[in-house]
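Novice: Sharing a model that was predicted from the sequence below.
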Amino acid sequence: MSDKAAPLIAGARAAGLAIATAESCTGGMISAAITDVPGSSAVFDRGFVTYSNAAKQAMLGVLTETLQAHGAVSEQVAAEMASGALAHSVADLAVAVTGIAGPGGSEFKPEGRVCFGLARRGADGRIETITETVEFGAIGRDRVRAATRDHALTLLLAALDPRPSAG
């Protein structure tokens with residue numbers, strides 16, 4: 001169990017927010033970490049495991065054009081996955097991950113690269129999405145997936161705080 005999931009559940013419950021996940025390279029690990037916490041049903045709406053491009057398109061509405069132009073491992077696809085998770089759920093907050101856990105990769109998309117999308121439904125119903133790419137490096141499939149899970153939970157937890165970050 002991730003040590004980040006329990007504070008996330010407590011924070012989402014206090015904020016009155018529901019959560020959804022859209023996962024590719026983690027294959028459901030983020031959803032599993034959340035649902036490992038007793039009481040998670042109060043805030044966890046659903047998780048989408050969209051390992052294939054066809055699943056990303058059918059379940060989340062990721063555009064063919066986006067996949068063709070940028071590839072599945074891109075911030076553009078992560079953004080569409082996150083916003084699609086909100087559009088296909090009753091959640092207020094969604095995280096999406098797509099990456100290369102390994103082994104393998106290429107010169108342009110190396111092993112350990114993971115793109116994250118975080119979408120939040122505003123009070124006016126509009127969806128705001130942010131993205132980032134993290135290079136975990138060729139640390140091994142299991143470690144990339146675990147690091148991705150933990151980073152996604154950290155992003156969700158940070159999104160519960162409405163105050164702008166100092167910096």
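Specialist: Sure thing, it's come through.
Novice: ok, the spatially most central residue of the chain to residue 20 distance?
Specialist: The chain has residue 96 as the residue nearest its centroid, 2.3 Å off, counting by C-alpha atoms, centre = their mean. Applying C-beta to C-beta, to the nearest Å, the value for residue 96 to residue 20 is 9 Å. No exception for glycine: its C-beta is placed from N, CA and C like everyone else's.
Novice: same deal with residue 131?
Specialist: Residue 131 is 16 Å from residue 20, by C-beta to C-beta.
Novice: the more surrounded of those two?
Specialist: Neighbour count, other C-beta atoms under 10 Å: between residue 131 and residue 20, residue 20 has more, with 26 against 19.
Novice: Quick one: list the elements packing against the host helix or strand of that one.
Specialist: Using DSSP states H and E, residue 20 sits within strand 19-23. When contacts are defined as 3 or more C-beta pairs under 8 Å, 6 or more residues apart in numbering; DSSP states H and E, strand 19-23 sits against helix 29-35, strand 44-49, helix 75-87, strand 93-99.
Novice: which other residues reach the first one?
Specialist: With contacts defined as C-beta atoms under 8 Å, 6 or more residues apart in numbering, helix 29-35 is touched by 1-2, 4-5, 8-9, 19, 21, 23, 40-41, 44, 47, 49, 95, 97, 145-146, 148-149, 152-153.
Novice: I'd like to know which of the residues you listed are buried.
Specialist: 2, 4-5, 8-9, 19, 21, 23, 40, 44, 47, 49, 95, 97, 145-146, 148-149, 152-153 (16 or more other C-beta atoms under 10 Å).
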